[in-house]
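Chemist: Would you be able to build a 3D model of this:
(chains A and B)
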Amino acid sequence: MYRVSNLSQAGLGLKTGVLLWLLWLLLLPLETVADTKQPKGMPSTMVLNPAAELWRDVRQRDMPISGTTQVKGVDSGVLINANGDKWRKFRMQQLIPIGGFLLLGILVGLAVFYMVRGKVKIVGGESDRKLPRYTSYERLIHWFMASIFLFLAITGLIILFGRPLLIPIFGKEIFSIIASASKEGHNLMGPLFMVALILVFVKFVRRNIYQKGDMSWLLRGGGIIGKKHVPSNFFNMGEKSMFWMLVLVGSVIVVSGLVLIFPVFGQSREWMELAHVGHAIGAILMIGVILGHIYIGSIGMEGAIDGMTTGYCDLNWAKEHHDLWATQMEKRGEAIANEEVNRFSDPDTNEYLGRELREADK
Amino acid sequence: MIAQFIDGPLWIFSLSVFLIGVTWRIVTILMAGNRKDLATPRGSASAGAIRTVFTRSVYERSAATRGRLLLVAGYLFHIGLFVLLFFAQPHIDFIAERITGLSWTAIPHWAFILSAELAFLGLLLLWIHRLLSPVTRMLSDLDDHLGSLLVFLVMLTGCLALAQSFESLRLIHLLLAELLLIYFPFSKLMHTFTFILSRGYTGATMGRKGVNA
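Modeler: Numbers count the residues shown, from 1 in each chain, chains lettered A, B, ... in the order given. The predicted structure is shown next:
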């Protein structure tokens, strides 16, 4: 009895041992995953998806991605969008780091350039006369576009770079609020950028068509590098190129933005991913160029911003940076004394009142 | 704690300031009275008043060309803001729950977005023009910019909270709306109500003199 009992206990023990051994074998992969994924000392809670192999096979199979389904809708026949992972990896591993370093590089470059070159002064000093440069309507649509662009740039940068940059500062909770607000604001204001782009294009396109003398401006570095004077028209080659970049890249940004915020026109996920990539690359490029534009308008060049704030530019500034246009304007008698500008510091008003006064003075 | 304060006592206080302030301002204007005009009337003062209330809203051809843009921007902003305020679903729900108990049909989401876009377009154009034009810049004071800023911020925070996922965004929007309500009766934003009185007064004066102005 004792022997039988011992034997049966031994058999039970053997069975239990085998079962435990099999269980240990099954748990081995988990042990490996836990060992590689979890930090040392942390409790391991990861459980392998038993269907992982199946989904991996589905994703990596060599046949058309789309299958057959009764469900109607865009991409409804696609079980797993393999391109989505490629897009995610591109966004996380290339777009965000490269884009970030590019923008940072531009900022550092501008700072270094400012330290080396300093503010570009009006060599002849400020004149006692001014030229009417922009009408109030032109300034209005410029600043309208600028304000919309700044808002979109800030919210867009938060959406793109927020996770790596803002989460360490604010934490996940606050960042999720900022990100949600940024996304809503970005989507809402986006179409207004399209309106601004159309208004700016219609108003400024004629003066931005390339003409004789533009190439020599480019070949001589625009005059900002070096001290030599470079002749230029109303807009120089750099400004014209920025305008066309704004129009072309801006159109890409607008169209891709519309594809992203109105996903109701049957566009597939691939189109959405492509639109996102185009939108982000275009926006980073444009932000970089606009940083340069803001630099010249603010601390980079004396007198450059006056035309867009007051409507008038200094005559000497115009002669130094847009001499072909300045000479033409001076010949037509458009140069106005500073006192007169101060009295009617609006080109629209001057067009009527200022000219009458000038003729009366003659 | 702060959330309860914004949602409760501050809301009651701001609404009270708004209602009492606006009523007080309008009553004082109406009570101010007119000097008696002893001249023989050459036309109807009432007809002149009614006519001017409406004709001032139409583009005046004799004004400068650029006036057209400002007129369009003005309409875009005011209509957009009005639609947002009274026909957006979250506002209707808020008004029904907190003020009147009555609700009405809301505009669809796309119309809400469109109204917001138009309102922002109009407000930005008008505000930038106010800053750029030497005439309007000189005519404007802190009150004008503060009023514009508050309206802009209320609209902006409302749109940022569109997802309705975060209570804090709604509270920021509500807080700014409450500040606007408190500021409203003491500012030029009172033109929301007084434009009819001022136009009517001018129209009546001119109408009595037989002048079509």
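Chemist: So for the helix or strand where residue A:242 lies, what gets flagged as buried?
Modeler: Assigned by DSSP states H and E, residue A:242 belongs to helix A:237-261. When burial is assessed from 16 or more other C-beta atoms under 10 Å in any protein chain shown, helix A:237-261 yields the following buried residues: A:237-243, A:246-247, A:249-250, A:252-254, A:256-257, A:259-261. The way it works is simple: take the backbone N, C-alpha and C, and place the C-beta from them, glycine included.
Chemist: One more: stretch B:204-213?
Modeler: Quick answer for stretch B:204-213 (16+ other C-beta under 10 Å): B:204-208.
Chemist: one step back: which strands and helices sit next to whichever helix or strand comes after the helix holding residue A:242?
Modeler: Following helix A:237-261 in sequence order, the next helix or strand is helix A:269-295 (DSSP H and E). Contacting helix A:269-295 under the criterion 3 or more C-beta pairs under 8 Å, 6 or more residues apart in numbering or on different chains; DSSP states H and E are the following elements: helix A:82-89, helix A:96-117, helix A:136-170, helix A:237-261.
Chemist: The ones you listed into TSV, with extra columns for distance to chain B and mean pLDDT?
Modeler: Shown next, in TSV, are the helices and strands packed on helix A:269-295 (distance: least, C-beta to the nearest C-beta, whole Å; pLDDT from 0 to 100):
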stretch	distance to chain B	mean pLDDT
helix A:82-89	22	84
helix A:96-117	23	95
helix A:136-170	5	95
helix A:237-261	9	94
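Chemist: Adding distance to residue B:135, write those out as CSV.
Modeler: Shown next, in CSV, are these (distance: least, C-beta to C-beta, whole Å):
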stretch, distance to residue B:135
helix A:82-89, 52
helix A:96-117, 36
helix A:136-170, 10
helix A:237-261, 29
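Chemist: And the next helix or strand past the helix or strand of chain B with the lowest mean pLDDT?
Modeler: Ranking every helix and strand in chain B by mean pLDDT, DSSP states H and E puts helix B:134-139 at the bottom, with a mean of 86. Once helix B:134-139 ends, the next helix or strand along the chain (criterion: DSSP H and E) is helix B:142-160.
Chemist: who touches that following helix?
Modeler: A:180-182, A:184-185, A:188, B:81, B:84, B:116, B:119-120, B:123, B:126-127, B:130, B:169, B:172-173, B:176-177, B:179-180, B:183, B:187-189 (C-beta atoms under 8 Å, 6 or more residues apart in numbering or on different chains).
Chemist: Could you point out which of the helices and strands packed on helix A:269-295 sits nearest residue A:306?
Modeler: helix A:136-170 (11.0 Å; C-beta to C-beta).
Chemist: what sits against residue B:140?
Modeler: B:130-131.
Chemist: where does residue A:229 land on pLDDT?
Modeler: Turning to residue A:229, the model gives it a pLDDT of 67.
Chemist: Residue of the stretch 101-250 of chain A closest to chain B, please.
Modeler: Residue nearest to chain B within the stretch 101-250 of chain A: residue A:181 (3.8 Å; C-beta to the nearest C-beta).
Chemist: can I assume that residue is in contact with residue B:168?
Modeler: No - between residue A:181 and residue B:168 there is no contact under C-beta atoms under 8 Å: 9.4 Å.
Chemist: more crowded one of those two?
Modeler: residue A:181 (24 against 14; other C-beta atoms under 10 Å in any protein chain shown).
Chemist: How is the more buried one assigned, secondary-structure-wise?
Modeler: Using DSSP: H, G, I helix; E, B strand; the rest coil, the structure places residue A:181 in helix.
Chemist: so what's it up against?
Modeler: Counting by C-beta under 8 Å, 6+ apart, residue A:181 has contacts B:160-161, B:166, B:169.
Chemist: Could you rerun that using 7 Å?
Modeler: Residue A:181 makes contact with B:160, B:169 under the criterion C-beta atoms under 7 Å, 6 or more residues apart in numbering or on different chains.
Chemist: same thing with the one 5 residues further on?
Modeler: Neighbour list for residue A:186: A:152, A:155-156, A:159 [criterion: C-beta under 7 Å, 6+ apart].
Chemist: From residue A:213, how far off is residue A:341?
Modeler: Distance from residue A:341 to residue A:213, counting by C-beta to C-beta, to the nearest Å: 28 Å.
Chemist: How about residue A:259, nearest residue that isn't a chain neighbour?
Modeler: residue A:275 (4.0 Å; C-beta to C-beta, 6 or more residues apart in numbering or on different chains).
Chemist: who's in contact with stretch A:153-161?
Modeler: Contacts of stretch A:153-161 (C-beta under 7 Å, 6+ apart): A:96, A:99-100, A:166, A:178-179, A:182-183, A:185-186, A:280, A:283, A:287.
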